[in-house]
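1. Need a 3D model of the following:
(3 chains)
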Amino acid sequence: MNEHVSKQFDSDLDAIRAHLTRMGGMVEEQVRSALDAFAAGDRELIELVIARDRGVDEMEIAIDDACTHIVARRQPTAVDLRVVMAAGKTVTDLERIGDEAKKIAKATRKILERESRSGLTQIAEVRHMGERAAAMLHEVLDAYVRLDAAAAAAIMRLDKEVDEHFRAIARQLVTYMMEDPRTISSALDIIFIAKSVERIGDHCKNIAEDVIYIVKGRDVRHLGLEGLEREMSGE
Amino acid sequence: MSEANSQISSLPVKAEVKNFDFHYGDFHALKNVNMPLSDRKVTALIGPSGCGKSTLLRSFNRMHDLYPGTRYGGEIVLHPDRTNLLDPRVDPIEVRMRLSMVFQKPNPFPKSIYENVIYGQRVRGVKKRSVLDDKVEEALTNAALWDEVKHRLHDMAFALSGGQQQRLCIARALATDPEILLFDEPTSALDPIATASIEELIHGLKDKVTILIVTHNMQQAARVSDFTAYMYLGELIEFGYTDEIFIKPRDKRTEDYITGRFG
Amino acid sequence: MTSKSSAEVALIRINIARRKRWDLLFGLLGILALATGLLTIASLFVDMLIGGWERLHPDFFTNFPSRRAAQAGILSAWVGSVLVMIVTATVAVPLGVAAGIWLEEYAPKHWITDVIEINISNLAGVPSIIYGLLALGLFVYTFGLGQSVQTAGLTLALLILPVVIVATREAIRAIPQMIREAAYALGATQWQAVKDHIVPYSLPGILTGVILGLSRAIGETAPIITIGALTFIAFLPPPPIMEAAPYVNFDWLQAPFTVMPIQIFNWTSRPDSAFQQNAAAAGAILVAMTLTMNALAIWLRYRLRKNIKW
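-> Predicted coordinates for the structure are as follows:
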C-alpha cells in the first residue's frame, strides 16, 4: 500500500501497528510462560507472569489512546478507518488473553500450595490444548501483521477444535470427581485452567475476525462457520 | 454486479448521464461517463483538481454553451419526460429554466435582496407584486434566511455577510422551482461556521429537490451526500452509496484518493 | 534558525533603514513630478484669472462679441459650445455604447472582430484636424449639412466615439464573468442579461468615459475651424422652444455658430491688448467648464459605484 501524502499520518498508523505487534508478542510470551509454569510447577515463573500482566494493561491504555487521537486528528476513512476501529477491539482481546494467562498462573499457584498434584492425566491433555491455543495465538498475530484473511479464516475454524477439546477434558474430569470426591479440588482447578485456555482460543478467533474486517471490510462476527465459508468464498 | 448497484437502480431516478463525453476544443475532458442521479437525494462529485467534476456539473445546465469550442457527446436524460438536456434542438434557456445553479463564490447581483431573489421570476415575465412577494418569502425561508432579512428586503445584497450572501444565492436559485439544484463547490469561499450552516441547509432541501454537488472537500461529501462519485482524469472511477465509498470502496484508486495516499 | 541575537536584530534594523531610504527617495520624486504638473497648470490658470479678472462680470456672459473689447462678451460662444455638446453627446453616446456592447457581448470570435478592435484604438490617436477635413468633405459638402451646429456636433461625435467605445468596453470587462453566468443560469436571454445587468453595472464607467470625452471635445478647435465655424457672431441660433405649435424647433441645428475655443483664438489674434484680457477671461471660464465636467464625472462615478463591490 502506498504511503499517505501526510507522513505524520503514516507514522501515527505505523505506531499503532507496532504497538499492537509488541503487545501481541508480550501476550504470547505470557501464555507460553503460564503454560510452562503449569507444566513444570515453576513458582518463580508464576510470579513473573502475574507481575508482567501490568505491562500488558498499560499497553492497552496506550494503544486505545493513540487510536482516539488518530480519529480526532485525521478523520481516517476506508482501510485506515477499519484498521483503527479493529485495533480498538484487538487490543481488548489481547488484554483479556493476558488476563487469562494470569489466571492460569494463579490457579497453578493454588494447585502447588495444595500440593496435590495427583497423577491426573488431564494435566498432559491440558498442556496439549494449551499448545494448540498458543499456536493459534501465534498464527493469528502473524495473520494480523501480514493482513492475511485466508489464514485468519483458518484460525477461526481451528477454534472449534479447541472448544471440543475443552468439553472432552471437562467430561473426563467430571467423571473423576464423581468417582472420587477427594479429587474435586484439584479437578476443579484443572477445569478452570482448561477454561482459560478455551477462552484464549475464543479471543484468538475474535482477533481473526478483526483481520478479516480490515482486509475485506466484512463484519464476520456471529456468522457461524457456514456463514464464514460463504463470506470467504463470495466476492 | 453487487447487490449495492441493483439496490441503487431500483431507486427513482431524476436524471441519467449516458455515455457522456466532453471536449474543450481538442482536449477530451470527460470520457464515457455513466451515472444515475437519484430523485430527491444528494449526489456528490469528488476527485482531484482537473478530474472533470465541475465540467460535468456545468454540462447539466448547458453552461458550456456560453463559450466557444466546446462539444458535448452522449446524453443527459431528464425524467420523467425523458428530455435529453444536451440535445442541440433543446434550447439551453429551457434547460436553465428547469435546473438552477449555485456558484463557488457567492455572486449576488448588485441589487437589493428582493431583486436578487426574484430575478429568475422577472426573467420569465412575472410582474404581479403579490406573486413575487410570496415567492421571495418562500425562497428565503427555504434558504434559512427569511428571519434575518425580512425587515430589510430592499437593502443591497452586498450588505450581507459571506455566508448570508451564499444563502441568498441559494434562495435565488430556489425561487425558480428547479427540478435539480446544482452546487459548484458552494462553501469553498466560506468559513467553517457558514459552511456548516450551508450543509445543514442542503440537508433540509434534500426532500424537496434533487441535488448534485461538486466538492473538493471529501469530508463534506461524506457529511452531506447520499451517493458519491469519484472521478479522475475525466473518467468516473467509482459510484455508490456514500457510506460504502468511505468505509469500503471497491476500487483501489478511490481508496487511495479518499485515504490521502494520492501522491 | 530559531531566535536572533540582539546583534542580528540590529542588522535587520539597519537593513530596513537602508531600504526605506529608497522609499523616501521615490516618494519625493513622485511628489516633485506631481507638483510640477499641478503648479504649472495652476499658475497658468491663475495667470489667466488675473489677466482677465476685470472682465469677469455677468455682462461678459450675456454680451455678444464686439469691436470694443470692454463690451465684448462670450454669449454666442458659450451657447454655441453648449449646443454643439448636446449634439455630440446625443450622437456619440448611443452609437458608442451600442458599439461597445456589441463588441463585448455579441461579436463572435473572428479575425474581422479583431481588425475592428485594433482600428477603434487607432482612431483615438488620429489628429483632430483630420476629423475636420473628413467632416468638411462628408458632412458639409456631400451631405449638404452646411457649416452648422449639427455638423460640428457630428464631427466632434466622431472624434470622441473611440473614447466612448473603449470606456464602454472597459466598464463591461470589469463585470465578473460569474455575474453573467448567474444571470444566464436563471434562464435569462442575452438581451435580458445585457439590459438588466451589463448596462446598469457598466454605467458608472460609461458615464465617466462620456464626460471625459465631452470635456475633451469642448476644447477642440482645429476641426471646428475646418468645418467653418464663424469667428464673429453677433446673434444666437433660433431657440428650440417656441410658443406656437409644434412647440419644439430644430432650426438651431442648422444655424451658423461659434464655440469658446474659437472665440478665444479670435481675441488672442487681435493686436489690441484689451482683447487679451477678454481672451484670458474666456480661457479661465473654459478651464473652469472643463474642470467642472471632470468633477461631475468623478462624483457620478463615486455615486454609482457605491453599490458595486468588485
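2. Just the buried residues of the helix or strand containing residue A:14, please?
-> Counting by DSSP states H and E, the element that carries residue A:14 is helix A:7-40. Applying a neighbour-count criterion of 16 or more other Cβ atoms under 10 Å in any protein chain shown, one finds A:9-10, A:12-13, A:16, A:19-20, A:23-24, A:26-28, A:30-38 buried in helix A:7-40. (C-beta placed from N, C-alpha, C; glycine too.)
3. Please compute how far the host helix or strand of residue C:94 lies from its chain's middle.
-> Assigned by DSSP H and E, residue C:94 belongs to helix C:75-101. Using Cα atoms, centre = their mean, to the nearest Å, the mean C-alpha position of helix C:75-101 is found 10 Å from that of the whole chain.
4. moving C-terminal of that helix, what's the next helix or strand?
-> helix C:111-123.
5. at contact distance from chain B, anything in that following helix?
-> No. Applying Cβ under 8 Å from any Cβ of the partner chain, one finds helix C:111-123 separated from chain B by no less than 12.1 Å.
6. report the angle between the axes of that helix and helix C:75-101?
-> Using axes from the mean of the first three to the mean of the last three Cα atoms, to 10 degrees, the inter-axis angle of helix C:111-123 relative to helix C:75-101 is 160 degrees.
7. what's helix C:111-123 packed up against?
-> Helices and strands touching helix C:111-123, by 3 or more Cβ pairs under 8 Å, 6 or more residues apart in numbering or on different chains; DSSP states H and E, are helix C:149-173.
8. How much space separates the nearest residue to residue B:49 once chain neighbours are set aside from residue C:176?
-> Nearest non-adjacent residue to residue B:49, counting by Cβ to Cβ, 6 or more residues apart in numbering or on different chains: residue B:216, 7.3 Å away. Going from residue B:216 to residue C:176 by Cβ to Cβ, to the nearest Å gives 21 Å.
9. cool, residue A:59 as well?
-> On the measure of Cβ to Cβ, residue A:59 and residue C:176 end up 59 Å apart.
10. Compare the two (neighbour count), which wins?
-> Neighbours per residue (other Cβ atoms under 10 Å in any protein chain shown) separate residue A:59 from residue C:176, with residue A:59 holding more: 21 against 13.
11. Tell me who's in contact with residue C:176.
-> B:107, C:310 (Cβ atoms under 8 Å, 6 or more residues apart in numbering or on different chains).
12. dump the residue contacts of residue 69.
-> In the absence of a named chain, this looks at chain A. Shown here is residue A:69, whose contacts under the criterion Cβ under 8 Å, 6+ apart are residue A:12.
13. nope, chain B
-> So residue B:69 contacts B:24-25 (Cβ under 8 Å, 6+ apart).
14. next one: residue C:74
-> Per Cβ under 8 Å, 6+ apart, neighbours of residue C:74: C:60-61, C:63, C:65, C:260, C:263, C:282, C:285.
15. is it fair to say residue C:3 lies in a strand?
-> No. Secondary structure assignment places residue C:3 outside any strand; it is coil (DSSP: H, G, I helix; E, B strand; the rest coil).
16. Could you give the residue of chain A that lies closest to chain B?
-> At 3.1 Å from chain B, residue A:217 is the closest residue in chain A, using Cβ to the nearest Cβ.
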